[in-house]
Each structure stands twice: as C-alpha cells, then as structure tokens.
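Colleague: okay, predicted coordinates and the sequence, questions at the end:
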Amino acid sequence: MRKIITLLALAFCCQGLTAQTYQPTWSSLESRPIPKWFTDAKFGIFIHWGLYSVPAWATNSNADGFGSNYAEWYWERLNNTKLKIHREFVDFHNKNYGPNFKYQDFVTQFKAELFDPAQWAWLFKAAGAKYVVLTSKHHEGFALWPSRESWNWNAYDAGPHRDLAGDLSEAVKKTGLHMGFYYSLYEWYNPLYKQDVNKYVDQHMLPQLKDLVNRYQPDIIWPDGEWDHSDTVWRSREFLSWLYNESPVKNTVVTNDRWGGGRNHGGFTTTEYGSGKASLERPWEECRGIGESFGYNRNENIGQYQTSRQLVHMLIDVVSRGGNLLLNIGPAADGTIPVIMQQRLKDMGDWLQINGDAIYGTTTWREAPTQKDKTVFYTRKGKDLYVLLTSWKQQLSVPAAKASSVALLGFKGKVTYKHRGNNVTIMAPVLSPGELSHQYAWVYQIKDAF
C-alpha cells in the first residue's frame, strides 16, 4: 500500500510539472518550449491563395522596397498609387477588367473548380515537407472557411462555396503531415477595423482566430499584418495564454513572432526572403516563394523562379544554420498548382528521399569552424556529423577528430577516408554517370564523430 501511495504521489508531482499554466506575459509565454516536432521538421510548404489569385498579377520589380512584386497585395496597390510603380497595377486592372470593376467582383471568378486537396497533400508529402501553412485569411479579409465573422466574405458563402481550409486540413492530416494556418491580424478595408480597432479585435479578430483553432485544431498559427499596432492592442498575450493553456492544441501548437509592435516576442523567429536576423538561441524559419511573389503572379518569367538546385542549396543553408525553410507556392484561382511549382517540389522531394537523414531531426554544428569555402555545410544528429556539399570535391578535409565509418548517402560502395591529426580526410569515390541521381548536392555521413 505504501508503495502505491508513493507512486501516486510521484505521478501527481510529474503531472504538475507538465501541466504548467502560462500567464499573459511575454516572460511566461516564452518560457513554453517550442514542440520538438517543429524543430525536427525543417521543411514546410507555405500556400498563398485567395481572391488575389484571380488577377494573379504584380510588377516584375520590387522598386518600392516593400513587395511591389507581391501579387497578394493587388487590392492595396489599386488604392495606394503614390508610387509610380503602384500605378502599373491600376493600368493593368483598367485595361483587363475596366475601371468600374471592383476588387470584390473577383469573388465570382474565384471558383476553385479543379481543387483536389488529396492531390495537393500527396504533392507536399512527395516534396519531403513535414508541415503545411495555408493563408486562412490574408490582408484582404476574405476567409477560406465558413467564418461567421466574415459573413458573405468567405469561400463557403461566396466564390467556390466550399470549405477550402477544412478540406485541405483533412487531406494534409491524412498523409501524416502537420497542418497550420496563416492569419492576418489586420484587414485593409474592414469598416470595423478602420473605425474602432478595439471593437474589431474583440468582436472580429479574436473570435475568428479561436474559431479557426477550435474547428481545425492546427499545429501552427502563423499571424501576420501585425505592424499597425502593439501586441497590447491586438491582445496577443491574452490569445496566446488561451492557446497554450485551454485550446485543444495547447500541447502541440507552434506560433511565430508576428504579434505586434515589431517581431520581438512570441514563438519562432521569422525571416522573409532573407531579410531579418536569425539566432541560434531561438528556433527560426525562413519563408519565401519559389518565385519572387507569394501569391501566384502570371507576370513572372522563368528568370524569377529558383531552380531545383538553388532550392536544395537554400534548404541546406537554412538547416545548417539551425532554421526551417517554409517554401511558398501560389495556386491558381481554379485550384491548380502551376506545373513548374509542382516540378520544383517533386525534385526537392527526390533529393530528400536520398539525403533526408542529413536534414530532418538535425541540429546545427555550433562548433563548426568558419570556412572560406561556402559550398561546405554541416549538420549533426546524435554522434553523427553530416557534411553537405553543394559542389563536388575530389578530396575533403573535415575538422573531426574521429570517425568509425564514412558513407556517401545514396552510394552503396565504400568511401575511403584517413585520420590526419584532428581532421578526417575523405577521398571521393569514383562514380559512373547516373550512379547518384539528382546531383544537386552530396552528403557524407561521418559516424561517431562526437
């Protein structure tokens, strides 16, 4: 009996340790560990999809320094014509739709008639991604689910007359991937937001965010559009306290740092198209498109698209520095993913099929020496060191004092290596043409390097 009582007491104590209550202060909220699934995942798919996918147009220049080549900003550019480059949006719109055609009229052309969520989910899994983030609502305010706060301005009441967010969430989760939602805190032209931001937050934003969480139980909440106000106005700490303490995803959900008043607080740090600073002291994520726009931009040409090789190299660089890559696609209004984007994702997945051990579940090698050669990258997992090469080398000296074996991922033959002082020198094997497919980058695994 005494043994049983002791075990129960221990269980109660352990339960108390795991059931921590987070207060609505940044110090308390940021003490919550970011769930390990996120830091292990390394690669996710971002999806920008909304009414802006109908015109699907932006300039081919970022001359304003703030995304004039972002097609998802189409509506705002029509109304903000102080810069000459923004007037190009008006000229395009008037020429193709007429000056009396309002942005809201695009809703009748946003049909998503070819949207196949199972096919999307298959592609994301084939790409080697571990999570997906969909724009549930961008700055235009049009929601992709039957949101009562956006009555008649959502994809269920208008346009496709379909729960796009729900259908994709279900399909993604069936494949075993984590599902998340981007959510814009502000809305450009919501009358309530323009008149009384406090009422907007209380009556629109917070109920809508909680509905999104309760309805679909996402593993990621990715806010944006936070820059207009402080986290106090957005009541961000109040929402996060509910999310971490009471919501149905309190133990698994991850959030970013876009909660108002500058990107200083919240979950993981976000960088965008290489802008912003990332730190090894905090999990971080780089987001960008395959092209130069997030929303589908029909005005982009092949020169604006990253090649498969460039994207693999980008993933290697980000992961070696301790980050995740959230790579964006912009589907068309009919629900199809442009074939060039599909091809890029599939190529990345084929490379990850062979080399994923050097990506997933790894950490940065903090002791890695500063290198002049920018084609050599490192990751580590347990006692193993991975050396990722974006340029083939006949011989390579790695600053590792020991190794029980060395292997070239995807190659079944023997790899010759020697110990020389505190280095392991690797001699590249002789390969026949086609012996290693998808030669965008190569990975050596040094066993028991630590």
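Modeller: Right, received. Where do you want to start?
Colleague: wait, what's in contact with the closest residue to residue 404 other than its chain neighbours?
Modeller: Leaving aside its sequence neighbours, residue 404 sits nearest to residue 448 (C-beta to C-beta, 6 or more residues apart in numbering; 4.0 Å). C-beta: built from backbone N, CA, C; applies to glycine. Counting by C-beta atoms under 8 Å, 6 or more residues apart in numbering, residue 448 touches 383, 384, 402, 403, 404, 405.
Colleague: now do residue 391
Modeller: With C-beta under 8 Å, 6+ apart, residue 391 has these contacts: residue 375.
Colleague: distance of it relative to residue 439?
Modeller: Going from residue 391 to residue 439 by C-beta to C-beta, to the nearest Å gives 11 Å.
Colleague: repeat that for residue 103.
Modeller: In terms of C-beta to C-beta, residue 103 sits 46 Å off from residue 439.
Colleague: show me which of these two is the more surrounded one.
Modeller: residue 103 (21 against 13; other C-beta atoms under 10 Å).
Colleague: helix, strand or coil for the closest residue in space to the more buried one that isn't next to it in sequence?
Modeller: Spatial nearest neighbour of residue 103, chain neighbours left out: residue 75 (4.4 Å); criterion: C-beta to C-beta, 6+ apart. Classification of residue 75 using DSSP: H, G, I helix; E, B strand; the rest coil returns helix.
Colleague: give me every residue that touches residue 75.
Modeller: Neighbours of residue 75 in contact, by C-beta under 8 Å, 6+ apart: 51, 52, 103, 140, 188, 189.
Colleague: how much space separates the closest residue to the fourth one other than its chain neighbours from residue 184?
Modeller: Put plainly, it is residue 140. Distance criterion C-beta to C-beta, 6+ apart; nearest residue to residue 140, sequence neighbours excluded, is residue 75 at 5.4 Å. From residue 75 across to residue 184, the span is 12 Å (C-beta to C-beta).
Colleague: mind listing what's buried along the helix or strand hosting residue 444?
Modeller: Per DSSP states H and E: residue 444 is located in strand 442-447. Buried residues in strand 442-447, counted by 16 or more other C-beta atoms under 10 Å: 442, 443, 444, 445, 446.
Colleague: what is the nearest of those to residue 193?
Modeller: Of all the buried residues of strand 442-447, residue 193 sits closest to residue 443, with 48.7 Å by C-beta to C-beta.
Colleague: tabulate the CA atom coordinates of the strand or helix carrying residue 270 in PDB.
Modeller: Using DSSP H and E, residue 270 sits in strand 269-272. Extracted as PDB, the C-alpha positions of strand 269-272 are listed here (Å, rounded to 0.1, in the frame of the first residue of the first chain):
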ATOM      1  CA  THR A 269      11.600  33.900 -35.300                       C
ATOM      2  CA  THR A 270      10.600  34.600 -38.900                       C
ATOM      3  CA  THR A 271      12.700  35.900 -41.800                       C
ATOM      4  CA  GLU A 272      11.300  36.600 -45.200                       C
END
